[in-house]
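Build the 3D model from these lines:
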Amino acid sequence: MTSLSRYKKYLIFILPLLFLIAGIIFNRAKYVNDPDYIYIVNALVICDGHSVGHVDNPGTTVMQIAAAIMAVMHLFSNPENETLINHVLGNPDKFVEGIRLVFVFINTLVLFLLGWITFKKTKSIWAPILLQITCFISANALDHVWSKVSPEPMLFAIVGIYVITVIYYYFEEKKE
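Below you'll find the model as predicted:
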């Protein structure tokens, strides 16, 4: 076994790392729009113990996750002991950015797992790289995944988990 082939499995770290770095440094301010603020206001309503009223919205899960993230952020970054509502409404961009970064980390983790599990199941380095690189094909999709608090980042993660499940099943020896 050559030294290159010994290390080729580590290639599956490169694309998720690029995804993470690009997602972190992505300038959300250039692409800011209303959905971000609608989701954090609805997440505040959830934190306040009320229903958002439209649970058939594809963003309901985003609102629930955002509510949890905002509650944790408030817990650890509230030096003036403000209420959660005053804290969030006083600096909404801080909370939007925190939620956005959590989604970037979730999607990076899914992208890494997609590569790792595909590599373990196929014993090929090319299959995981091919699957990982597909997320970079659409600039529009990356804009939504990196910059928005909306259903798209969660959809990206769900599709990645679905593909992992299909790969896992397809390459399983005992399919029953």
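
if I look at the residue nearest to the spatial centre of the chain, how far off is I40?
The chain has F103 as the residue nearest its centroid, 2.9 Å off, counting by C-alpha atoms, centre = their mean. Counting by C-beta to C-beta, to the nearest Å, the gap between F103 and I40 amounts to 13 Å. All C-beta spots, glycine's among them, are computed from the backbone N, C-alpha and C.

Return every residue with contacts to both of those two.
Common neighbours of F103 and I40, using C-beta atoms under 8 Å, 6 or more residues apart in numbering, are V149.

How far does the longest helix anywhere in the chain sit from its chain's centre?
Counting by DSSP state H, the longest helix found in the chain is helix 92-122. Between the centre of helix 92-122 and the centre of its chain there are 4 Å (C-alpha atoms, centre = their mean, to the nearest Å).

helices and strands around that helix, which ones?
Packed against helix 92-122, as judged by 3 or more C-beta pairs under 8 Å, 6 or more residues apart in numbering; DSSP states H and E, are the following elements: helix 14-25, helix 34-47, helix 60-76, helix 126-133, helix 139-147, helix 151-170.

got the buried residues for it?
Within helix 92-122, the residues scored as buried using 16 or more other C-beta atoms under 10 Å are 95-104, 106-108, 110-112, 114-119, 121.

my read: the residue nearest to the centre of the chain touches L155, true?
No: contact criterion C-beta atoms under 8 Å: F103 and L155 do not qualify, at 10.7 Å.

could you dump the helices and strands packed on helix 92-122 to TSV with mean neighbour count, mean pLDDT and distance to R6?
Shown next, in TSV, are the helices and strands packed on helix 92-122 (neighbours: other C-beta atoms under 10 Å; pLDDT from 0 to 100; distance: least, C-beta to C-beta, whole Å):
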stretch	mean neighbour count	mean pLDDT	distance to R6
helix 14-25	16	90	16
helix 34-47	19	87	45
helix 60-76	18	94	39
helix 126-133	18	93	17
helix 139-147	17	82	32
helix 151-170	16	93	24
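
wait, which of those helices is closest to K8?
helix 126-133 (9.9 Å; C-beta to C-beta).

Work out the gap between the closest one and the centre of the chain.
Chain-centre distance of helix 126-133: 19 Å, with C-alpha atoms, centre = their mean.
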